[in-house]
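Student: got a sequence here, can you build the structure:
(2 chains)
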Amino acid sequence: MSIVDEARSLTQDAAPVPPAAWRPSGRSGSARALIKTIRVAVALIVVAAVWEGMVRGFHIKPAYLPSLSAIAGAVAIAPQAYAAGFIRTLTETLIGMVAGSAFGIAIAIVFFRARVLREMVFPIFIVSQTIPVIAFGALIVLWFGNTLFSKAIIAFYLTFFPVTVNTLLGLESVDPRQEALLRSFGALPQIFVALRLAASLSLIGAIVGEWFGDTTGMGVLLLQHMFNENFEGLWAALIGSAILGTGLYGFVGALERRIVFWGAAS
Amino acid sequence: MNARPLVSRAAQRGILGFALLLVIWEGTSRFFALPTYVLPTVTGIVQALVDGRGALAHAALYTVGEAVAGFIVGAAIGVALAIAITLLPWLRAGLLPVATAINSVPVAAYSPLVLLWFGVGPSSKIVLVAMVVSFTVFLSALAGFDRVDRRSIDLLRSFGAGRLVILWRLRLPTALPLIAAGLRVSTVRSVIIAIVAEMLGADGGLGWLIYQAVVQIDFVQVWSAIFVASAASLIFFALIGFAERRVIFWR
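Tutor: Residues are numbered from 1 along each chain as shown, chains lettered A, B, ... in the order given. Here you go, the predicted structure:
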């Protein structure tokens, strides 16, 4: 097993879920998208109805599961905090994700061209991935202050290496006789695998980064509600983070279907 | 195994890379006389490692215990779910979207809730690690079971083999490499998740140690805990990788 494969197994799900367009169908793209949207919407409504009904019907304590209406009430009390937190965390995540992906791809190209450099630096990067993000976060916040920038750096740190590994795998899997331009196209499916991963990792970095005494953000809300044992607020923050996570993942997936029209890597 | 030199050229360069990093680190820190909260010297960290070895070893064992317990529970749940879906295909349409949806929620978001539910003791960390590991193992095991050639299944079926026999004789051997890969990814992740959860509240462990060191602004201690955590993750990773090579000899 090569060191790149080894690194990949450190940083990536062994079997990522294939993107939505994996089931071949005779329908046109837009019709399929519409049907899919309707199906998801119906599923969400059913889940919401079952949730609300179960909590009310069985008188489940809020500590175990608050009702959806109670969660909506928690947001309605302080909508500004949630809106501001959502935008703040989204900004941190996006900065970390874009910077991490750009840096990851650039490093992969350097490593692809210079084998010696790769053999010397790659193992260090691998070990860096075993550093728990909170320990790293503590140092970053100390170095750069409790700013949006330092959260973005934490997100960046979690993001860039998986992108490097997957881009490198993509570049290596392409036929070396192809022209440079074609080669970069050949690596694209694998790069998108990395970007999907980058979306979720970057969000984790942003949330954990906010745990070091920030004042705005989804991570802050999660932590505050945990300390106050405010279950409705905690669930509201959890759902907000879930929307961020699925939204970013879905956005990268949509981008992938647009750009890598000839088929995605699994 | 081919006869290879004891240390390959790639490994030599890797070691050289580490040596250079340590020398540059030590040199920068000493030459610019950086305060410890910016960057302590490597020798200072090693000194702290030696001095605090008792407390560090205790914390490491605590964290690794949580990680390994969660890892085992999570791996069992993940494989069991994948087997259930394979044996009862009608479960797939219901379970897979739910698993994918929960998997897209960042771990960091539901860890405060798990902490409130299961308390600050080790059980909340074990639950969190088990959740994350079970998703990873579930998805890789399922991909492995699905990878089987349709014609081989038809062939076995024509000999009168039932679903259980097909699972045991055909699907499991085909899926093992992917399951093993899923387990390998989960090792490092389970240690990191245990540590992250300990930061939110715990009565021991490396995450707790790091958190307290941060509060006391003792950054040499933070670094020594980082060294121990990395070493623990790498050992766990290497052990599972070793077991994988022993079990899946046909790969």
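
Student: number of residues surrounding A:S202?
Tutor: 31 (other C-beta atoms under 10 Å in any protein chain shown). C-beta coordinates here come from the backbone N, C-alpha and C atoms, glycine included.

Student: just B:V114 next, same as before
Tutor: B:V114 has 20 neighbouring residues, counting by other C-beta under 10 Å.

Student: roughly how far apart are it and chain A?
Tutor: 10 Å (C-beta to the nearest C-beta, to the nearest Å).

Student: so that residue makes contact with B:L128?
Tutor: Yes - contact criterion C-beta atoms under 8 Å: B:V114 and B:L128 qualify, at 5.3 Å.

Student: quickly list what's touching both of those two.
Tutor: Here B:V114 and B:L128 have B:A197 as joint contacts, going by C-beta atoms under 8 Å, 6 or more residues apart in numbering or on different chains.

Student: centroid residue for chain B?
Tutor: Using C-alpha atoms, centre = their mean, the residue of chain B that lies closest to the mean C-alpha position is B:T187, 2.0 Å off.

Student: chain center to whichever strand or helix holds that residue, what's the gap?
Tutor: B:T187 is located in helix B:172-200, with elements delineated by DSSP states H and E. Relative to its chain's centre, helix B:172-200 lies at 4 Å (C-alpha atoms, centre = their mean, to the nearest Å).

Student: residues contacting the residue nearest to the centre of chain B?
Tutor: B:T187 makes contact with B:F71, B:S233, B:F236, B:F237, B:I240 under the criterion C-beta under 8 Å, 6+ apart.

Student: kindly provide the distance from A:A48 to chain B.
Tutor: A:A48 is 13 Å from chain B, by C-beta to the nearest C-beta.

Student: not counting sequence-adjacent ones, nearest residue to that residue?
Tutor: A:L68 (5.7 Å; C-beta to C-beta, 6 or more residues apart in numbering or on different chains).

Student: which residues does that neighbour contact?
Tutor: When contacts are counted by C-beta under 8 Å, 6+ apart, A:L68 touches A:A48, A:W51, A:E52, A:V55.

Student: ok so, going back, I'd like the contacts of B:T187 laid out as a markdown table, including secondary structure, neighbour count and distance to chain A.
Tutor: Shown next, in a markdown table, are the contacts of B:T187 (DSSP: H, G, I helix; E, B strand; the rest coil; neighbours: other C-beta atoms under 10 Å in any protein chain shown; distance: C-beta to the nearest C-beta, whole Å):
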| residue | secondary structure | neighbour count | distance to chain A |
| --- | --- | --- | --- |
| B:F71 | helix | 27 | 15 |
| B:S233 | helix | 25 | 4 |
| B:F236 | helix | 21 | 9 |
| B:F237 | helix | 22 | 7 |
| B:I240 | helix | 19 | 10 |
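
Student: which one of those sits closest to B:G52?
Tutor: Proximity of those to B:G52 (C-beta to C-beta) peaks at B:S233, which lies at 19.2 Å.

Student: for the closest one, give me its contacts.
Tutor: For B:S233, the contacting residues are A:T130, B:T187, B:V188, B:V191, B:I192, by C-beta under 8 Å, 6+ apart.

Student: in JSON lines: those residues, plus distance to B:A67 and pLDDT.
Tutor: Below are the contacts of B:S233 laid out as JSON lines (distance: C-beta to C-beta, whole Å; pLDDT from 0 to 100):
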{"residue": "A:T130", "distance to B:A67": "12", "pLDDT": "82"}
{"residue": "B:T187", "distance to B:A67": "8", "pLDDT": "87"}
{"residue": "B:V188", "distance to B:A67": "10", "pLDDT": "84"}
{"residue": "B:V191", "distance to B:A67": "5", "pLDDT": "90"}
{"residue": "B:I192", "distance to B:A67": "9", "pLDDT": "88"}
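
Student: could I get those as CSV with distance to A:L197?
Tutor: As requested, the contacts of B:S233 are exported to CSV (distance: C-beta to C-beta, whole Å):
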residue, distance to A:L197
A:T130, 17
B:T187, 18
B:V188, 15
B:V191, 19
B:I192, 15
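
Student: top of those by neighbour count?
Tutor: Using other C-beta under 10 Å as the neighbour criterion, B:V191 leads the contacts of B:S233 with 31 neighbours.

Student: and the stretch 1-150 of chain B, which residues reach chain A?
Tutor: B:9-10, B:13-14, B:16-18, B:20-21, B:37-38, B:97, B:100-101, B:103-110, B:112-113, B:115-117, B:136, B:139-140, B:142-144 (C-beta under 8 Å from any C-beta of the partner chain).

Student: out of those, which sit inside helices?
Tutor: Applying DSSP state H to the residues of the stretch 1-150 of chain B next to chain A, the entries found in helices are B:9-10, B:13-14, B:16-18, B:20-21, B:97, B:100-101, B:103, B:107-110, B:112-113, B:115-117, B:136, B:139-140, B:142-144.

Student: buried subset of those, written for PyMOL?
Tutor: Of these, the buried ones go into a single PyMOL selection, burial set by 16 or more other C-beta atoms under 10 Å in any protein chain shown:
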select buried, chain B and resi 10+13+14+17+21+101+103+107+108+109+110+112+113+115+116+136+139+140+142+143+144
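
Student: could you pull out the helices for chain A?
Tutor: Under the criterion DSSP H, chain A contains helices at A:3-11, A:29-57, A:68-77, A:79-113, A:115-128, A:133-144, A:148-173, A:180-209, A:218-227, A:231-259.

Student: could you tell me the least trusted of those?
Tutor: Comparing mean pLDDT across those, the weakest is helix A:3-11, with a mean of 58.

Student: what about the nearest residue to B:F71 once chain neighbours are set aside, how many neighbours?
Tutor: Distance criterion C-beta to C-beta, 6+ apart; nearest residue to B:F71, sequence neighbours excluded, is B:S190 at 4.7 Å. For B:S190, the tally of surrounding residues (other C-beta under 10 Å) stands at 32.

Student: number of nearby residues for A:F149?
Tutor: For A:F149, the neighbour count with other C-beta under 10 Å is 12.

Student: my error: substitute A:L201 in the last question.
Tutor: A:L201: 28 neighbours (other C-beta under 10 Å).

Student: coming back round to it: with distance to B:V247 added, can I get the helices of chain A in CSV?
Tutor: Compiled in CSV, the helices of chain A are given as follows (distance: least, C-beta to C-beta, whole Å):
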stretch, distance to B:V247
helix A:3-11, 16
helix A:29-57, 39
helix A:68-77, 46
helix A:79-113, 32
helix A:115-128, 23
helix A:133-144, 31
helix A:148-173, 25
helix A:180-209, 27
helix A:218-227, 40
helix A:231-259, 33
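
Student: so which residues on the stretch 151-251 of chain B come close to chain A?
Tutor: Within the stretch 151-251 of chain B, the positions adjacent to chain A are B:178, B:181-182, B:184-185, B:188, B:191-192, B:195-196, B:199-200, B:206-207, B:210-211, B:214, B:219, B:222, B:225-226, B:229-230, B:233-234, B:237 by C-beta under 8 Å from any C-beta.
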